[in-house]
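[1] coordinates for the following, if possible.
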Amino acid sequence: MQRVMLFLVTMTLTALLFTGITISVSAQEAVAPEASANGDAIVNVAHFAPFAADQAGTSVTVAVNSTDVFTDFVFSEVITGVALPAGVYTIEVRPTGSPTVAMSGVFTLEANVEYSLLAIGDGSANMPLSLQLLVKDATPPIPGNAKVLIGHYAPFASTVPGTAVELCNDATQMVLAPVVYGQNSGYVQFPAGIYDLSIAVPGTNCAQKAFDLPPLQFNAGEFYDAFAIGKNNAAFPLDVVSLSGLDFPAMATIGHFAPFATTITNTAVDIRVNGQLAYTNVVYGQYVPDVVVPSGPLLVEILTPGGQVSAAAGDVRSAVVISGVFTLNPMSKYDLFAIGGANGWPLDFITAEISQTAPAGQALVTIGHLAPFAASGAATAVDICLESGVPLFTNVQFPTIQANVALAPNVYDLKIAVAGSNCQTVALDLPPFRLAAGDVVDAFAIGAPQEVGPAAGPDFPLEVVTTTGLRAAYESYLPTIYRSVTVAQ
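    Numbers count the residues shown, from 1 in each chain. Reported below is the predicted structural model:
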């Protein structure tokens, strides 16, 4: 099998990127009037000045033309969408409770223009406290592109040269820009897509990262900004703050559980995402875990491999056998599986949103019945039972995914029985597994044998697969009944 790299998925495909780092946006709502339909300037205000021993000590009052407008405004907070009539404004910033002005400036604001006013510096001689006014680019990006401004306002060294960093694209290990404190990129055009960016130590070819951002999604026609702030210490750790707000992708485990042919080899398909070929020669039973994909509407197409060159698409494929559009929420996780194709069931997709954290003291289990072993839903009905004969789930029919079921930590010894048989007519007896608090795992019944039991066909027997892995109850590994086959990365 062959994996084809999507332009939209040019990053490390790991869930850790979603959970390891947070990006702050709009920490405080504006208290100024909302923007009118015509004639106002729009101002975003950000406090990026770590001038005290801790965040509480950075509290300031912001005065506009001698009138206090924002109070108790602390480091890392931002206020967005302040509407002001066009004109000249004197801005003064005082530490809370002090009459002394620490930062000030006189700024001319024009109608229908958006500005960002940044308070920066740590109060040292090399990086003094000051106000910096940025003007949002008014020219739309070219079609298919986004515009992105990236600023470095993190005074983490004693000199400006000592703050030098490189902005890297992790997918290519390419240095996008070397920058020092006080600089910003201006609005740079990026082709729309997903980017895995990091801030790296200069001269390390992006290998030594000072800050690793989660995957970011730049949508066509949009404007974004992102600012590195902080002093890289306990009081002011490095962080990234956005005034514009940022868009984030989603994550999906994409699986092929559709036994639509006579052999596993003949189930080979290609997978296309948003019109781009992502994976080739994927066969029944294989899946790709934790793929970072665009949030919003996502077009997924399953194609039979080979065929003739399509002049319109420029792609060597034969036919789209199933397709679907799925709306994915940013930073959410999904299962997206191809199913059916046997015993009269059509090829189809099934999807479910999967929680990424379990309730305190519990485990989360997603269980699915993806085995079309009979011609009707009622004929595929099973009960999932404890070894003691007590049903855990009853009358589970194809196609079903029961997502995010909370279970107590314990050893579970389950069997799949014909529905209504009081757990006595067992179709599949599963090896025991252990759930620990905090586990987020899954198990899916797949297969379409001629009949359930010893006479089942060799290629598509009734079995259980897991895309997350399961912890053995008494052994160092689970038997192969919990089959887990991924597409080569």
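[2] every contact and neighbour count from this point should use C-alpha atoms.
    Will do.
[3] wait, a helix at Asn266?
    Yes: Asn266 sits within a helix when classified using DSSP: H, G, I helix; E, B strand; the rest coil.
[4] look up how far Gly344 lies from it.
    Distance, Asn266 to Gly344, by CA to CA, to the nearest Å: 18 Å.
[5] please apply the same query to Ala445.
    18 Å.
[6] the more surrounded of these two?
    Neighbours per residue, other CA atoms under 10 Å: of Ala445 and Gly344, the larger number sits with Ala445, 21 against 13.
[7] that one pairs with what?
    His369, Val464 (DSSP bridges).
[8] okay, domains of the protein per the record?
    2-242, 250-486 (automatic domain parsing).
[9] report the outermost residue of this protein with respect to its centre.
    Distance from the C-alpha centroid of the chain, by CA atoms, centre = their mean, peaks at Pro99 (45.5 Å).
[10] hmm, back to that, could you export the domains of the chain as TSV, including mean pLDDT?
    Formatted as TSV, the domains of the chain follow (pLDDT from 0 to 100):
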stretch	mean pLDDT
domain 2-242	85
domain 250-486	87
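[11] mind listing what Phe444 touches?
    Ile367, Gly368, His369, Leu370, Val464, Val465, Thr466 (CA atoms under 8 Å, 6 or more residues apart in numbering).
[12] chain neighbours aside, what residue packs nearest to it?
    Distance criterion CA to CA, 6 or more residues apart in numbering; nearest residue to Phe444, sequence neighbours excluded, is Gly368 at 4.5 Å.
[13] tell me how many other residues crowd the one you found.
    22.
[14] which residues touch it?
    Gly368 touches Pro399, Thr400, Ile401, Gln402, Ala403, Ala443, Phe444, Ala445, counting by CA under 8 Å, 6+ apart.
[15] Phe326: which of those is nearest?
    Closest to Phe326 out of those is Ile401 (16.2 Å), distances taken as CA to CA.
[16] quick one: that closest one from Asn281, how far?
    In terms of CA to CA, Ile401 sits 26 Å off from Asn281.
[17] with Pro409 instead?
    Pro409 is 38 Å from Asn281, by CA to CA.
[18] compare the two (neighbour count), which wins?
    Per other CA under 10 Å, whichever of Pro409 and Asn281 has more neighbours is Asn281, with 20 against 16.
[19] three-state assignment of that one?
    Quick answer, by three-state DSSP: Asn281 is strand.
[20] do the one 10 residues further on as well
    Under three-state DSSP, Val291 falls in the strand class.
[21] give me the number of neighbouring residues for it.
    Val291 has 19 neighbouring residues, counting by other CA under 10 Å.
[22] ok, now Cys206?
    24.
[23] check which helix or strand covers it.
    Using DSSP states H and E, Cys206 is not contained in any helix or strand.
[24] which residue is the nearest non-sequential neighbour of it?
    Using CA to CA, 6+ apart, the nearest residue to Cys206 is Ala200, at 5.3 Å.
[25] so what's the residue count around the one you found?
    22.
[26] what sits against it?
    Residues counted as contacts of Ala200 (CA under 8 Å, 6+ apart) are Val165, Glu166, Leu167, Cys168, Cys206, Ala207, Gln208, Lys209, Ala210, Phe211.
[27] from those, which land in strands?
    By the criterion of DSSP state E, membership of these in strands covers Val165, Glu166, Leu167, Cys168, Lys209, Ala210, Phe211.
[28] may I ask which of the residues you listed has the most neighbours?
    Neighbour-wise, the ones in strands among the contacts of Ala200 (other CA under 10 Å) top out at Cys168, 25 neighbours.
[29] give me the contacts around stretch 218-233.
    Contact partners of stretch 218-233, identified using CA under 8 Å, 6+ apart, comprise 48, 50, 76, 140-157, 190-195, 236-247.
[30] I'd like to know which of these are buried.
    Among the contacts of stretch 218-233, those buried by neighbour count (16 or more other CA atoms under 10 Å) are 48, 50, 76, 141, 145-156, 190-195, 236, 238-247.
[31] restricted to strands, list the residues you listed.
    48, 145-153, 190-191, 193-195, 239-242.
[32] about what we covered before: can I get the contacts of Phe444 in a markdown table including distance to Gly275?
    Listed next are those as a markdown table, based on distance: CA to CA, whole Å:
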| residue | distance to Gly275 |
| --- | --- |
| Ile367 | 30 |
| Gly368 | 28 |
| His369 | 29 |
| Leu370 | 26 |
| Val464 | 32 |
| Val465 | 29 |
| Thr466 | 28 |
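[33] cheers, nothing more for now.
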